[in-house]
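Chemist: Predicted model and sequence below, questions to follow.
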Amino acid sequence: MLSERTELTGLFLEKPESVVAITGIKTLLKLQIVGIKKQPSLKTRCVCVFFNTGKDVTFVVKVDSTNLTRKPTMKWLKGKWMDLGSKAGKHIQLKESYDRNTKIYTYEMKIVKVVPGDAGGYRCEVSAKDKCDSCTFEITVEEGQADILSTFKRAGAGEDEGELDFSALLKKPEPELEIDVWELLKNAHPSEYEKIAFQYGITDLRGMLKRLKKMKAVEPKISEAFLRRLESAYSVNKGKKIVLSVEVTDPNAEIKWLKNGQEIKPSAKYIMESDGNIRTLTINKCSLADDAAYECVVGTDKCFTEVFVKEPPITITKLLDDYQVVVGERVEFEIEVSEEGAHVIWMFEDQELSRDDKSSKYRFKKDGKRHCLIIQEATTEDSGMYFVYTNGGQSKGELIVEEKELEVLQSIADLTVKSSEQAMFKCEVSDEKVTGKWFKDGKEVQASKRIKISHIGRFHRLTIDDVKPEDAGDYTFIPDGYAISLSAKLNFLDPPKIHLDVAGNLVSQNTIIVVAGNKLRLDVEITGEPAPTVCWMKGDKPVTDAEGRVRVENRKDLSSLVIEGAEREDEGNYTITVTNPAGEDKANLFIKIVDVPDPPENVKCTGVGEDCATIIWEPPKFDGGAPLKGYLMERKKKGSSRWTKLNFDAYENTTYEAKRMIEGILYEIRVFAVNGIGISAPSLNSKPFMPIAPTSEPTKLIVDDVTDTTCSLKWLAPERIGAGGLDGYIIEFCKEGGASFAGIVLCLMIVKWHPANTDLIERQSYVVRNLPTGEKMDFRVVAVNMAGRSPPALLGQPVTVREIMALESTKYIKKVGEKINLVIPFQGKPRPVATWLKDGQPVDEKKVGIRNSNIDSILFIRSAEREHSGKYTLSLKIENMEDSANIDIRIVDKPGPPTQVHVTDVWGFNAALDKQSPYKEKDMTCAPKFTAPLVDRSVTIGYSTAISCAVRGFPKPKIIWMKNKMIIDDNPKFLMQNNQGVLTLNIRKPSTFDSGKYSCKAVNELGEDEVECKLEIRGNIRVH
């Protein structure tokens, strides 16, 4: 069973022959692929292999990789998609080898002990880069096949004589009845689809399944309109005709023929005939466009069919010829193919020639079966092998392009001319038809009024009138179409000239900067005819040495001044003078020697802080001849040899604040100067200095006891003492108003604090004596160490200097609208818990203000009303101990006229009256208003501070704190407090970033009010 199938790949140069396996003998199928150089669309033969079960079969493929850029890839497949590489094992064995001498890859597939399940279609595919080829073959397994060796023996040959004769297998088989493949597929089991498709030449298995599914979906049905319907499918070769026929019930019935749903109109291609009940559609000269679905429609009834058009392979009937031409001649490769309209592919070596490239030198011509590739003017680059491919054949032809031979009878000669003279180059060649081009220094010369180009017979001339210096150069004549050139030089006689990178004779423009210690080689180009003499001068002294550290080296057209290891004394003015008979030229140069700067001087510390120090220094005396870019600083601990960089980018100022140092450690600092050349040597080390800072304020300052003339204070040590230690405390006092009230509102007047102790005390308690009785006094405590005084610790409020006595019940009378402010001092340890009651019930703090401290309790009413009258009790409690004091508050007012007066009873000359109380509630609502403003403050960096103000308003206003008009959110650095209208903003350990304008805004439904102040954060105290 031999058949041919077309594979649209075409990489096989040697096509495989059919192989028949003999019983008891292993079968070997060889496929040889020599060089993957060809393009797709070659005809490949399908091989069918027969052999008995239980035997082995081996397939061998060889690939020549001489012209391949990478290793080819081989795939063995069964059917359409099954990759046998994943099935390799004991039954199917795959091998691969490579011969380095011949550069041939050998691939083998061996099937061990063939079984009936191995029967079917197989394919091998080889690919390299973007090219591939494949071959298909079929394995048929038969049981008990007879020995057919005698079939292939030549007549009269012995057992081991003669050669096998396959002619018997190649005889044309007897014609068989046409088989309807689609009917065969419709009735076959799905497992046999692949075998049937392979047997009858169907390569598009996916498309076959889709069409078969569509055909099966149309179930035959009994039709009244058709006696005989269309077949399910028809097959026709390209260029042939096909007849579609149906038989209708009604001989007079009108029918329509449709192609892909569109009605077909009668034409020379489509002929529709009617003969009784028979209706036919004839399609002449079928093309691939006729491969479609067709319908025959009678009324509302239809029948369907599929027409498949087969395209026969295109063969080359006239092969390519070889050509040998000379440069510039026309070349026309020509072939003839078996059919018109065939698609062919032209290739030069391994490159496809494209029709789409408009800039290509190749032209393609098609005339019926004749195809041509035309090269209009051949060049030597066009030499090589040309290939042409169809889907059924190939051909190749060689093109050899040779250079034309041209004899030069007279070449052009060098010329030397003076200014304004004429220069003429002339040459003579053997062929008077040869044209050419003139070039100057590689650029084509164009004719002008001054430059003339002529060609008379065998002579070619280039004439230049009024020669100028720019005309000097190399001139070349190149004949067109020949790989020869004639060259000569035009020399211009001119005065000497010095060519420098910078123009002019000013020293400021011709300055050359050299880094000290580096080598200077100044090459100066010199032109002039004849060659000029050169003289170098430094100031008034000539530089004539040919050897040494400073020397002059002269060569043709070049003079060099060389300075080895430049020093500062080499700096100065240099002059170069060149002379020849045509004149003289001179150039002045200034050579500047630059170096790294000297080290900075007088580095010292001018101030210290807790972890920082201020360093100053003086610039270096010599900047190295280049502007200073800045300074680099380093520090180290005294006694250590390890220096730490303080900055990595050049610092421009001569004052620097070194940070992130450890308090109490001695440090030294040195400074480097930086310019464009480099970094100086380090300066001398500064004198040792130590970062140190005062302690923080003492903590938890309280009043321990008060008499008529004394006040006992207690406190705890500062939270932070630091490396400076703690020497002791100073206690100061002043009258109320001279300090802050409750630590909130500061007075604008200058406060004079009086020290309570002249010497520092180390204990954490002190009795301030000789205080005025009855006065309210403010107290503060300051910690002192070698760095100075700490921030003061203040009491929350002034202390009244009087002995605390037990309170008896007291009456307190106020008029309506007046302000009530009761201060009830007390003492107790630990701090008592103060509670206010009115008529035995807790005081409503929305109507009455209460504020408690460590030493007293304050009850205040902004505007008294009648409802505030009652008995108020202050209760103090410490654990299980308790004390109390009663105050009877009476709010009085003038009575108003009675209302709703009426008589309730009358007897004799008497009458009983009833009336309504004239009392009327007073409206307490008011817009917010600040009663105490914010005050500008200046504090030291790192020490917590607070700003305060007081506001009133009803309903209770909303308080908004802002910094630089930006609302302060819930930042842990800030603590906002509101105690009965006294507003406080605490700022924890402020930095310079916290400086700015702070404002406080109070808002309620009746209006708003705002106050602001300026807060300045000062730097650390400097120790001199």
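Modeler: In hand now; what should we look at?
Chemist: Tell me where the stretch 601-750 of the chain has strands.
Modeler: With DSSP state E, counting those that start in this stretch, the ranges of strands along the stretch 601-750 of the chain come out as 601-608, 613-618, 628-637, 644-645, 655-658, 667-675, 699-706, 711-716, 728-735.
Chemist: ditto for the stretch 51-200 of the chain
Modeler: Under DSSP E, counting those that start in this stretch, the stretch 51-200 of the chain gives strands at 57-64, 73-78, 82-83, 92-99, 104-111, 120-128, 131-142.
Chemist: same deal with the stretch 901-1024 of the chain?
Modeler: So, for the stretch 901-1024 of the chain - with DSSP E, counting those that start in this stretch - the strands run 910-916, 926-932, 937-940, 945-954, 958-963, 966-967, 974-979, 982-987, 996-1004, 1007-1018.
Chemist: tell me which residues in the third one are buried?
Modeler: Of the residues in strand 937-940, those buried under the neighbour-count criterion (16 or more other Cβ atoms under 10 Å) are R937, V939, T940. Every C-beta, even on glycine, is put in place using the N, C-alpha and C of the backbone.
Chemist: Make CSV out of those residues and add distance to V434.
Modeler: CSV is the format used below for the buried residues of strand 937-940 (distance: Cβ to Cβ, whole Å):
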residue, distance to V434
R937, 102
V939, 100
T940, 100
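Chemist: Quick check: of these, which lies closest to R551?
Modeler: Taking Cβ to Cβ as the measure, T940 is the one of the buried residues of strand 937-940 closest to R551, at 68.1 Å.
Chemist: Quick check: the gap between that closest one and L795.
Modeler: The gap separating T940 from L795 is 21 Å, by Cβ to Cβ, to the nearest Å.
Chemist: How many residues are close by K241?
Modeler: Neighbour count of K241, defined by other Cβ atoms under 10 Å: 13.
Chemist: what do you get for G678?
Modeler: By the criterion of other Cβ under 10 Å, G678 has 15 neighbours.
Chemist: what sits against it?
Modeler: Residues near G678 by Cβ atoms under 8 Å, 6 or more residues apart in numbering: V596.
Chemist: got a list of what V901 touches?
Modeler: L913, D914, K915.
Chemist: wait, the first one sits on T904?
Modeler: Yes. Under the contact definition of Cβ atoms under 8 Å, L913 touches T904, with a separation of 6.8 Å.
Chemist: Which neighbours do the two have in common?
Modeler: Contacts common to L913 and T904, judged by Cβ under 8 Å, 6+ apart, are absent.
Chemist: Give me the contact list for stretch 553-560.
Modeler: 521-527, 531, 534, 536, 546, 552, 562, 576, 578.
Chemist: May I have it exported as PDB, CA atoms only?
Modeler: C-alpha atoms of stretch 553-560 as PDB (Å, rounded to 0.1, in the frame of the first residue of the first chain):
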ATOM      1  CA  GLU A 553      60.200  66.900  21.500                       C
ATOM      2  CA  ASN A 554      59.800  67.700  17.800                       C
ATOM      3  CA  ARG A 555      58.400  65.500  15.100                       C
ATOM      4  CA  LYS A 556      56.900  66.200  11.600                       C
ATOM      5  CA  ASP A 557      53.900  68.600  11.900                       C
ATOM      6  CA  LEU A 558      54.000  68.300  15.700                       C
ATOM      7  CA  SER A 559      56.000  69.900  18.600                       C
ATOM      8  CA  SER A 560      55.500  68.800  22.200                       C
END
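Chemist: per-residue confidence averaged over that stretch?
Modeler: For stretch 553-560, mean pLDDT is 86.
Chemist: who's in contact with L632?
Modeler: Applying Cβ under 8 Å, 6+ apart, the residues contacting L632 are K645, L646, N647, F648, A650, Y651, V671, F672, V674, I679.
Chemist: redo that, cut-off 10 Å
Modeler: 645-651, 670-674, 679-680, 682 (Cβ atoms under 10 Å, 6 or more residues apart in numbering).
Chemist: Could you give the bridge partners of I761?
Modeler: Taking DSSP bridges as the rule, I761 bridges to Y729.
Chemist: begin at 874 from here
Modeler: With 874 as the first residue, the last one maps to I1634.
Chemist: So it sits against I1603, correct?
Modeler: Yes. Taking Cβ atoms under 10 Å as the definition, I1634 is a contact partner of I1603 at 8.1 Å.
Chemist: list residues touching both of those two?
Modeler: Joint contacts of I1634 and I1603 (Cβ under 10 Å, 6+ apart) are V1654.
Chemist: which of the two has more neighbours?
Modeler: Neighbours were counted for I1634 and for I1603 using other Cβ under 10 Å; I1603 has more, 21 against 14.
Chemist: The nearest residue to the more buried one once chain neighbours are set aside: how many residues sit nearby?
Modeler: The shortest distance from I1603 to any non-neighbouring residue, by Cβ to Cβ, 6 or more residues apart in numbering, is to V1655 (4.7 Å). Around V1655 there are 22 other residues, counting by other Cβ under 10 Å.
Chemist: now swap in the one 5 residues further on and tell me
Modeler: A total of 23 residues lie near A1660 under the criterion other Cβ under 10 Å.
Chemist: Check the one 3 residues further on too.
Modeler: Close neighbours of S1663, defined as other Cβ under 10 Å, add up to 26.
Chemist: which non-adjacent residue is nearest it?
Modeler: In space, and not counting its chain neighbours, S1663 is closest to A1656: 4.0 Å by Cβ to Cβ, 6+ apart.
Chemist: Pop out the phi and psi values for that neighbour.
Modeler: With angles defined as degrees, to the nearest 10, A1656 sits at phi -90, psi 150.
Chemist: average model confidence for stretch 1456-1476?
Modeler: Averaging pLDDT along stretch 1456-1476 yields 88.
Chemist: Okay, buried residues for it please.
Modeler: Buried residues in stretch 1456-1476 (16+ other Cβ under 10 Å): 1458, 1460, 1462-1464, 1466-1473, 1476.
Chemist: Stretch 1177-1189 now?
Modeler: So stretch 1177-1189, judged by 16+ other Cβ under 10 Å, has buried residues F1177, T1178, E1179, V1180, F1181, V1182, P1186, I1187, T1188, I1189.
Chemist: related to what we said a few turns ago, any chance of the strands of the stretch 1474-1623 of the chain in CSV, with distance to F1099 too?
Modeler: Shown next, in CSV, are the strands of the stretch 1474-1623 of the chain (distance: least, Cβ to Cβ, whole Å):
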stretch, distance to F1099
strand 1474-1481, 116
strand 1486-1491, 113
strand 1501-1510, 103
strand 1517-1518, 102
strand 1528-1531, 108
strand 1540-1548, 104
strand 1572-1579, 114
strand 1584-1589, 117
strand 1601-1608, 125
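Chemist: and of these, who's closest to A1345?
Modeler: Checking those against A1345 by Cβ to Cβ gives strand 1540-1548 as the closest, at 45.6 Å.
Chemist: okay, the angle between the closest one and strand 1501-1510?
Modeler: With axes from the mean of the first three to the mean of the last three Cα atoms, to 10 degrees defining the directions, strand 1540-1548 sits at 160 degrees from strand 1501-1510.
Chemist: about what we covered before: could the buried residues of strand 1810-1813 be laid out in TSV, adding pLDDT?
Modeler: Below are these laid out as TSV (pLDDT from 0 to 100):
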residue	pLDDT
R1810	88
V1812	88
T1813	87
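Chemist: Closest one of those to S1514?
Modeler: Nearest to S1514 among those, with distances taken as Cβ to Cβ, is T1813, at 35.9 Å.
Chemist: my read: that closest one touches S1864, true?
Modeler: No. T1813 is beyond contact range of S1864, at 11.1 Å (criterion: Cβ under 10 Å).
Chemist: Cool, thanks, talk later.
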